[in-house]
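K.L.:
Have a look at this prediction, sequence included:
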Amino acid sequence: MKQAVDGIGTALGTVGVLVCVLAVVLRFAGSYYLLGTELRMWLLGGIALLAMGCFAKLHAMTTRG
């Protein structure tokens, strides 16, 4: 179970970084929207994924067994 939570945390963090990078690159390119949604919402979603990944990793580190 610990390894599964650790893997999920890694996956969430990786996807979060990719979403954040995508939002920033598109914003620097001059775009305001992606798929009909503002890029700042994509950035916030990426930050939320990063936070969930951090919490999952922290949970995996602090559990016994």
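P.N.:
Looks like it arrived, so ask away.

K.L.:
alpha carbons only for contacts and neighbour counts from here, please
P.N.:
Will do.

K.L.:
Show me the residue sitting in the middle of the chain in space.
P.N.:
Geometric centre of the chain, nearest residue: residue 16, 1.8 Å, by CA atoms, centre = their mean.

K.L.:
Assumed that residue was part of a helix.
P.N.:
Yes: using DSSP: H, G, I helix; E, B strand; the rest coil, the secondary structure at residue 16 is a helix.

K.L.:
For it, which residues are in contact?
P.N.:
Contact analysis of residue 16 by CA atoms under 8 Å, 6 or more residues apart in numbering lists 45, 46, 47, 48, 49, 50.

K.L.:
Apply 7 Å and report the result again.
P.N.:
Neighbouring residues of residue 16 by CA atoms under 7 Å, 6 or more residues apart in numbering: 46, 47, 49, 50.

K.L.:
May I have the residues that are in contact with the nearest residue to residue 43 once chain neighbours are set aside?
P.N.:
Distance criterion CA to CA, 6 or more residues apart in numbering; nearest residue to residue 43, sequence neighbours excluded, is residue 20 at 5.0 Å. Residue 20 is in contact with 43, 46, 47, counting by CA under 7 Å, 6+ apart.

K.L.:
Are any of those buried, and if so which?
P.N.:
43, 46, 47 (16 or more other CA atoms under 10 Å).

K.L.:
I'd like to know which elements the helix or strand that contains the first one is packed against.
P.N.:
Assigned by DSSP states H and E, residue 43 falls within helix 39-62. Using 3 or more CA pairs under 7 Å, 6 or more residues apart in numbering; DSSP states H and E as the contact criterion, the secondary-structure elements in contact with helix 39-62 are helix 2-28.

K.L.:
Tally up the residues packed near residue 60, please.
P.N.:
Using other CA atoms under 10 Å, the number of residues around residue 60 comes to 20.

K.L.:
quick one: it and residue 4 touch, right?
P.N.:
No: proximity of residue 60 to residue 4 does not meet the contact threshold set by CA atoms under 7 Å, at 8.7 Å.

K.L.:
which stretches of the chain have low pLDDT?
P.N.:
Within the chain, the ranges that satisfy pLDDT under 70 run 65.

K.L.:
Return the distance of residue 7 relative to residue 31.
P.N.:
33 Å (CA to CA, to the nearest Å).
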